[in-house]
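Visitor: Predicted model and sequence follow; I will ask about them next.
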Amino acid sequence: MNPTTSRAPARTLTALALATGIALTSAACSSEPRPAADDPADTARPHGYVAGATESQEPQLRLLAVSATGETTLHDLLTADSTDLDTVDAPEHSATDGRFLLTSDDDRTTVVDGGAWTVDHGDHTHYYAAEPRVVGTLDGGGRVEVHSSETLTAVTWPDRGEAVLLDRSALGQGELDVTVRLDAAVLLPTAEHLIAASDDRVRVLSADGEDVRAEQPCQDPAGGIVTRAGAVVGCADGVVIVDDEGTARTVPLPDTAADAVPRATAFAARAGRPTVAGLAGDTGFWLLDSREGAWRHVPTDRPLRAVVAVDDADEHVVGVDDQGRVVVHTMTTGAVATTDALVDGAAGPLLQLDAQRAYLADPQDGVAHEIDFADDARVSRTIELPVAPAAFAEVGL
């Protein structure tokens, strides 16, 4: 750890401006830090009030790391302080929604609250911090995925075709309240609906999972993500996109690429953005504009092991190749920048990013490399983590 190095105020304010696109100065959304009221009888709740949390002017970005033996720590990117949490089961798989990190083995899944998150209301944004903690465990293990709306958190075990829905408010208070159980390979909560994929179809459900609002064919569903333009579910020949009104449409892969280029089976993007990226086998990556319903296949010199769409003004896409190098594509110019090898290229890379930086964790050296993707993939600093990460998440997004 480097306790003398932290993000400069100018940089974090820039990240705030990029993330929100507005000034948080209105009386309705005061950005002054405000802790939760101590008196539970006090009914005067300011807009954005969250019990037990403090609202801040900027994203409260933190790195959450779990070692191969389950030691769990949190590193604050703003203060460079680290906090030890309770030990969890040794992780074999992991996933994050930008606040919670889920780790799993063959038997059960553990939920860790990173204690920092962002709520995007469209025309303004709230940034919160609370005490991090290990929340508890869910029965069932294997590969895990997690997606959240403001009120619901969906946990899916795709290989088992099972999913549960958790009350996100209760989860934030340290309680695992399972409200719905479904058979699904993909489960995505939105503001008004649940999007569930199984049995070669995508179903648009009511928020309680009871009523089917619409169905759309989707052969071999795999991979899903919620974007600003709708929920995206991967299918054998493209994707199904469900908008906020619950209307589903199919966006097929381009005819010229559908047979020659492997489909994407997972998607990744900066939180709340409409453009997402997915690996296209060893050929490169797919970009999908979920608002326009447009695909683009981007070939790469080396096979990628991970890829994330930043979807900023320069349309950066950040990947990690099979040599352990971070590769940054600037889609507006066609430029490609590459770091030296930073991690073992044969291992599944632990890559996270926000509006300004990407973080690549190295399980062997116990560090996280901070990459300025907008500055020719410059390694801006290397952060020593208290544990060598086998699971890794950036929270506060």
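Guide: Cool, got the structure. Numbering: from 1, shown residues only.
Visitor: just how off-centre is stretch 376-390 within its chain?
Guide: 19 Å (C-alpha atoms, centre = their mean, to the nearest Å).
Visitor: Could you tell me the end-to-end distance of it?
Guide: 28 Å (C-alpha to C-alpha, to the nearest Å).
Visitor: swap in stretch 139-155?
Guide: Stretch 139-155 stretches 12 Å from its first residue to its last (C-alpha to C-alpha).
Visitor: list the buried ones in it?
Guide: For stretch 139-155, the neighbour count (16 or more other C-beta atoms under 10 Å) marks 140-142, 144-149, 152-155 as buried. C-beta here means a position set from N, CA and C on the backbone, and glycine is covered the same way.
Visitor: for it, what is the average pLDDT?
Guide: Across stretch 139-155, the average pLDDT comes to 96.
Visitor: Equivalent analysis for stretch 207-214, please.
Guide: Average pLDDT, stretch 207-214: 88.
Visitor: same thing with stretch 223-231?
Guide: On average, stretch 223-231 scores 96.
Visitor: which residues touch it?
Guide: 145, 147, 149, 186-190, 193, 195, 197, 232-234, 241-244, 264-269, 272-276, 278, 290-291 (C-beta atoms under 8 Å, 6 or more residues apart in numbering).
Visitor: any low-confidence regions in the stretch 1-150 of the chain?
Guide: Low-confidence regions of the stretch 1-150 of the chain, defined by pLDDT under 70, span residues 1-45, 48-49.
Visitor: Now do the strands in it.
Guide: Counting by DSSP state E, counting those that start in this stretch, the stretch 1-150 of the chain has strands at residues 54-56, 62-66, 72-76, 82-85, 93-96, 100-104, 108-113, 116-120, 125-129, 133-139, 145-148.
Visitor: Tell me which of those strands lies nearest to residue 359.
Guide: For the strands of the stretch 1-150 of the chain, distance to residue 359 was read as C-beta to C-beta. The smallest value, 6.4 Å, belongs to strand 62-66.
Visitor: list the helices and strands that closest one packs on?
Guide: In this structure, strand 62-66 makes packing contacts with strand 72-76, strand 100-104, strand 358-362, strand 391-395, judged by 3 or more C-beta pairs under 8 Å, 6 or more residues apart in numbering; DSSP states H and E.
Visitor: Could you rerun that using 7 Å?
Guide: strand 72-76, strand 391-395 (3 or more C-beta pairs under 7 Å, 6 or more residues apart in numbering; DSSP states H and E).
Visitor: just the angle between that strand and strand 100-104, please?
Guide: Orientation of strand 62-66 against strand 100-104 (axes from the mean of the first three to the mean of the last three C-alpha atoms, to 10 degrees) gives an angle of 10 degrees.
Visitor: ok, what's across the strand from residue 316?
Guide: Applying DSSP bridges to residue 316 gives these bridge partners: residue 330.
Visitor: Can you give me the distance of it to residue 350?
Guide: Residue 316 is 19 Å from residue 350, where distance means C-beta to C-beta, to the nearest Å.
Visitor: thinking again about what came up before, export the strands of the stretch 1-150 of the chain to TSV and tack on distance to residue 251?
Guide: Shown next, in TSV, are the strands of the stretch 1-150 of the chain (distance: least, C-beta to C-beta, whole Å):
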stretch	distance to residue 251
strand 54-56	37
strand 62-66	33
strand 72-76	38
strand 82-85	41
strand 93-96	24
strand 100-104	29
strand 108-113	31
strand 116-120	24
strand 125-129	28
strand 133-139	33
strand 145-148	19
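Visitor: Can you pull up the most central residue in the chain?
Guide: residue 97 (4.3 Å; C-alpha atoms, centre = their mean).
Visitor: Backbone torsions only: list them for that residue.
Guide: Backbone torsions for residue 97, taken as degrees, to the nearest 10, come to phi -110, psi 10.
Visitor: Please name the residues that touch it.
Guide: 146-148, 153 (C-beta atoms under 7 Å, 6 or more residues apart in numbering).
Visitor: Now it. Nearest residue, chain neighbours left out?
Guide: Of all residues not flanking residue 97 in the chain, residue 148 sits nearest, at 4.4 Å (C-beta to C-beta, 6 or more residues apart in numbering).
Visitor: mind checking which of the strands of the stretch 1-150 of the chain is nearest residue 297?
Guide: If we rank the strands of the stretch 1-150 of the chain by C-beta to C-beta, the stretch that ends up nearest is strand 145-148, at 24.1 Å.
Visitor: helices or strands next to the closest one in the packing?
Guide: Here strand 145-148 is seen to pack against strand 93-96, strand 152-157, strand 186-189 when contacts are counted using 3+ C-beta pairs under 7 Å, 6+ apart.
Visitor: Return the list of strands paired to the longest one, each annotated with direction.
Guide: Each strand paired with strand 152-157, and its direction, by DSSP bridges: strand 145-148 (antiparallel), strand 162-167 (antiparallel).
Visitor: contacts for that strand?
Guide: Contacts of strand 152-157 (C-beta under 7 Å, 6+ apart): 97, 100, 102, 109, 138, 140, 142-147, 163-166, 168, 171, 184, 186-189.
Visitor: the inter-axis angle of that strand versus strand 108-113?
Guide: 150 degrees.
Visitor: And the strands in the stretch 151-300 of the chain, which stretches?
Guide: Assigned by DSSP E, counting those that start in this stretch, the stretch 151-300 of the chain shows strands spanning 152-157, 162-167, 178-183, 186-189, 193-198, 201-206, 212-217, 224-227, 230-235, 238-242, 248-252, 275-279, 284-289, 294-299.
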